[in-house]
Every structure is written in structure tokens, then in C-alpha cells.
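Student: Sequence below, structure please.
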Amino acid sequence: MSPSPSLPAVGSLPISCVVITRDAGDRLGATLDSAQSCAERLVLDSGSTDATVSIAQERGARVEHQPFLGFGLQKRRAVELATHDWILSLDADEALDDEAISGLAALDLSDPARCWAWRRRTFIGSREMRHGPWGRERVLRLFNRTACGFTDHRVHERVVGATAPLQAPGSILHHSFNRCADVIVRSARYSGPKAAILRDKGETSPAWTLPLRGLAAFTKSYCLQGGWRDGAAGFIVALSRVVDSTLPRAIVNVDPPPAPSPPADRPGAPSPR
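Tutor: Next up is the predicted model:
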């Protein structure tokens, strides 16, 4: 990112930027560089074996360690560890663009009830997905922890307790996928945790409804939201929505629930760790 005289001074804003990581070395440098104006940059790592930790340390970020608890609880822990009440939460594959960095310094942080969202621009490789479900994304990323915080969801966590977010200038650049296949792989990988959430809620779906769910998800993404305008990549994104909407529910129907752990005071039960 090229320097600009309009960008705020390094460490000048009373904000803690928090990032949870595991093997995020490919993108973490850009994430942390985009948050240089924050007084603190905190990386909560869950066992990286690549250069994640050294990259964070080289950029002056504070590094803490925590075995992975699920996305919601992990982000809650990062927020708890932060020094400042104002929290800028970025994923390790996200970075503020120059307009967002400049605009960050102009936000009025006098009211802890306020919060801000940015437009998020998602890329597959170097290609931006301008249409479909990702074309209109707005993500809440700046909030005061005294007023709101993350849910405990294993995946697709969100900030709750917040007022309607204000629109912050600029965008968050989201480089999460190197190729189209990664989109499908990600959806399949998240299907297990999503199935667990559905099982916890007691939600089930008859098998005959799954094709209808899939068709509705594809039609919404590819046709109604204009994913077709992104060409073959938009088709892949629509397919991922089919996986998201059907595979977790199919898993709930097929896989038995895990056996409950024996109570700790039961004779012969393993002691809690």
C-alpha cells in the first residue's frame, strides 16, 4: 500500500484492531498494515505452523495464543484481551483500502453506542465479485465492546447489541479465495459446524425438501441477485450457496448426534481438562 499524506499517523487512534489467525501468513501482512493507525493491533493465534506469528511480530502486533474455540468464541476472546474499548475486527484475509484508512480517523468515537460497517469487496484470485450475494455485502467491523459484542456461533458469528451501523467511507478488500474451487471447498468445510448448530437448535429438514432448498438458493444467487453477470465465477458462487443451504441439513439427517460425554463425577469418567 503506497503511503499517502492523507492517511492517519501510525498508532494515533484509540482503537484495538483484533485479528484471529491460524496459518494466515499469506494475507496477514496486508491486514495489519491497513490498521497501522490503530493504537493496538492484536493477533490471537490458534496454533499456526506457518509464518503467521513472525509476520505479526515483525509488524509490531501483539500476539496472544488460544486453542480454537469456534469463530464466535475466539473473536470474543480477542475482544476481551484488547486494550481499548473501541474494536476494529478484521479477518486475516481482509484489509482496509486507502479510503477506509483515511476515513477511519474522521469517525466520531465519542458515543460508545455507535458502530460502523464497511462495504466488503470479495475477490476470487484477482477478480472482484461485483454481483450476486457478495456484490452488496456490508459488514459491521468497528464497535465499542461496552455496548455490543460477538455471538458464540461456531461459524457465521456476528456482532449483536449494536444500533443500526453507520456507513463508513471506503471498503474492506476480502481476498479469501485463490481460485474458484476454494469457494466450494470452504462451503463443504463449514458444513459440519453448521450441522452442529442446526442439531443444537433441534432443526431438521425432510430429505425431499433439500433439492427445493438448493434450487431456491441457486436461483436467488445466480438469477435474482445477478450472479450471472460475474460469468462462470458467479455460477460457482451460486453452487456454493446450494452447498450452504443443503449439506448441513443433510448431515443432520444422516449422521447420528455425538454421544454425550460422561459427567466428571461418574466413576471411571475422565477428569476434565
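Student: how about the strands in the stretch 51-200 of the chain?
Tutor: Shown for the stretch 51-200 of the chain, the strands assigned by DSSP state E, counting those that start in this stretch span residues 62-65, 86-89, 94-96, 116-124, 127-128, 138-144, 149-150, 159-160, 166-177.
Student: The chain: helices as residue ranges?
Tutor: According to DSSP state H, the chain carries its helices in the segments 25-33, 52-58, 71-81, 98-104, 180-201, 210-218, 231-254.
Student: Who are the packing partners of the fourth one?
Tutor: Spelled out, that is helix 98-104. Using 3 or more CB pairs under 8 Å, 6 or more residues apart in numbering; DSSP states H and E as the contact criterion, the elements in contact with helix 98-104 are strand 166-177. To be clear about C-beta, it is placed using only N, CA and C from the backbone, and glycine gets the same treatment.
Student: Figure out how far the strand it packs on is from the centre of its chain.
Tutor: Relative to its chain's centre, strand 166-177 lies at 12 Å (CA atoms, centre = their mean, to the nearest Å).
Student: and that strand, which strands flank it?
Tutor: Strands flanking strand 166-177 in the sheet, each with its direction: strand 94-96 (antiparallel), strand 116-124 (parallel) (DSSP bridges).
Student: looking at the ones you listed, which is buried most?
Tutor: Of all the strands paired with strand 166-177, strand 94-96 has the most neighbours on average by mean count of other CB atoms under 10 Å, namely a mean of 25.
Student: what's in contact with that one?
Tutor: Taking CB atoms under 8 Å, 6 or more residues apart in numbering as the criterion, the residues outside strand 94-96 that touch it are 1, 27, 30-31, 33-35, 90, 104, 118, 120, 170-175.
Student: please redo it, this time with the cut-off set to 10 Å
Tutor: By CB atoms under 10 Å, 6 or more residues apart in numbering, the list of residues contacting strand 94-96 from outside reads 1, 17, 19, 27-37, 88, 90, 101-104, 118, 120-122, 139, 141, 168, 170-176.
Student: Buried among those? Need that as a selection in ChimeraX.
Tutor: Here the buried members of those are turned into a ChimeraX selection, burial being counted by 16 or more other CB atoms under 10 Å:
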select :17,19,27,28,29,30,31,32,34,35,36,37,88,90,101,102,103,104,118,120,121,122,139,141,168,170,171,172,173,174,175
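Student: With distance to Val243 and mean pLDDT as new columns, can the strands paired with strand 166-177 be given to me in CSV?
Tutor: Formatted as CSV, the entries for the strands paired with strand 166-177 read as follows, by distance: least, CB to CB, whole Å; pLDDT from 0 to 100:
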stretch, distance to Val243, mean pLDDT
strand 94-96, 23, 98
strand 116-124, 16, 97
